[in-house]
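Chemist: Generate a structure from the sequence data that follows.
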Amino acid sequence: MKVLGILGAHKEHGVTAQLLTATLASVPAPHETELIYLADYDIHPDTGIPNPVLDALTEKLLTSDVWIFAAPTYWGGLSGIMKHFLDCLRWRLVRIDHVGDAHPDRFKNKHYLSITDCYISPLDNLFTGVTDATFRQIDTVMNAAGLIKIHEIVCPGTLKNGDRIPEQTLNTCRKWGVKLPNKAKRDDNTMKRYVELFMMIAIMSLITMGIQTGLAPVIAQTNFWLNWAVFVIIFFTLLAIILHVVTFMVHRRH
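Modeler: Just a heads-up that it's a prediction; the model follows:
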């Protein structure tokens, strides 16, 4: 298996590069790793003329099983260097049908990991989600290309810490570097999602019925349609709360 690290930052040896290097260095042997620094390449989109630079980068992507995108968050979004690279690749990442819809093509079922960093504090990033846009931008492109997401790593507080990365964050990078070969074998989490959905509905139904029972002295339980309406309202309220909490916890950046 081969892991390709893609560094889209202004500094070749800055915080973002250190995060990426720590991840790649932890990939166990005999798996291969390679790091490409996008600023070293004169990247241009396809315009109908030979494009040897993009051809070479495309070949690296094709021969790698896992891609690691490492790019800082600038102005609340993905760094321009990485964005430019993904923009230039757009017609190579997907297949366009006769009505203009994009479909996964030759990179389908490869895996990717995302890494970013930002100036604001961990607490501010947790509540404002400054780095969310960076991850969403990468996810949007990779989803269109049919890649499978492994995880995302964020390192906030770079204004205060400078080039010094907290050991906890470096350990997170190392942990996922070790896991990459195993994660790459998981191509379908459909059953897991169904089980999680079933458990969520089962628990919510139980709670809803418990609340309805508690409301029995207030609301008559003999009217079928009234019971049904109360059940739906309680169930929907619980669903909205749970989805909000789960979404916040899954996408929190700390």
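Chemist: Centre of the chain to the longest helix along the chain, how far?
Modeler: The longest helix of the chain (DSSP state H) is helix 224-250. How far helix 224-250 lies from its chain's middle: 27 Å, per C-alpha atoms, centre = their mean, to the nearest Å.
Chemist: The residue sitting furthest away from the middle of the chain in helix, strand or coil?
Modeler: Using C-alpha atoms, centre = their mean, the residue of the chain lying farthest from its centre is Thr222. It sits 48.8 Å away. Assigned with DSSP: H, G, I helix; E, B strand; the rest coil, Thr222 falls in the coil class.
Chemist: which stretches of the chain have low pLDDT?
Modeler: 183-190, 220-221, 245-254 (pLDDT under 70).
Chemist: what about the strands in it?
Modeler: 2-7, 32-37, 66-70, 73-74, 77-78, 94-96, 102-104, 111-117, 148-155 (DSSP state E).
Chemist: Show me what the first one is in contact with.
Modeler: Residues from elsewhere that reach strand 2-7, judged by C-beta atoms under 8 Å, 6 or more residues apart in numbering: 16-17, 20-21, 23-24, 27, 31-38, 60-61, 63-71, 82, 85, 180. Heads up, the C-betas are built off the backbone N, CA and C, glycines and all.
Chemist: returning to what we had before: next one: the residue farthest from the centre of the chain from Ala216, what distance?
Modeler: 10 Å (C-beta to C-beta, to the nearest Å).
Chemist: Please name the residues that touch Trp75.
Modeler: With C-beta under 8 Å, 6+ apart, Trp75 has no contacts at all.
Chemist: give the contact list for Leu97.
Modeler: Careful, residue 97 is Asp; it's not Leu. Asp97 neighbours (C-beta under 8 Å, 6+ apart): His103.
Chemist: what are the phi and psi angles of it?
Modeler: Asp97 adopts backbone torsions of phi -90, psi -170, taken as degrees, to the nearest 10.
Chemist: rewinding a little: buried members of the contacts of strand 2-7 into ChimeraX, please.
Modeler: Buried residues among these (16 or more other C-beta atoms under 10 Å), as a ChimeraX selection:
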select :16,17,20,21,23,24,27,33,35,36,37,38,61,64,65,66,67,68,69,70,71,82,85,180
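Chemist: sorry, back to before: what's the closest of the strands of the chain to Thr140?
Modeler: strand 77-78 (10.1 Å; C-beta to C-beta).
Chemist: ok, and what's touching the closest one?
Modeler: Contacts of strand 77-78 (C-beta under 8 Å, 6+ apart): 8, 71, 83, 133-134, 137-138.
Chemist: got TSV for these, with distance to Glu152 too?
Modeler: Supplementary listing: these in TSV, determined by distance: C-beta to C-beta, whole Å:
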residue	distance to Glu152
Gly8	15
Ala71	12
Lys83	17
Ala133	13
Thr134	9
Gln137	12
Ile138	8
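Chemist: From those residues, pick the one nearest Ile49.
Modeler: Lys83 (22.8 Å).
Chemist: which residues touch the closest one?
Modeler: 8, 77, 137.
Chemist: Look up how far Lys192 lies from it.
Modeler: Relative to Lys192, and taking C-beta to C-beta, Lys83 is found at 32 Å.
Chemist: So which residues of this protein form helices?
Modeler: Using DSSP H, helices in the chain cover 15-25, 52-62, 80-88, 90-93, 122-128, 132-145, 158-161, 167-183, 190-214, 224-250.
Chemist: hey, which of those helices is tucked in deepest?
Modeler: helix 15-25 (a mean of 22; mean count of other C-beta atoms under 10 Å).
Chemist: how far away is Ala102 from Lys110?
Modeler: 16 Å.
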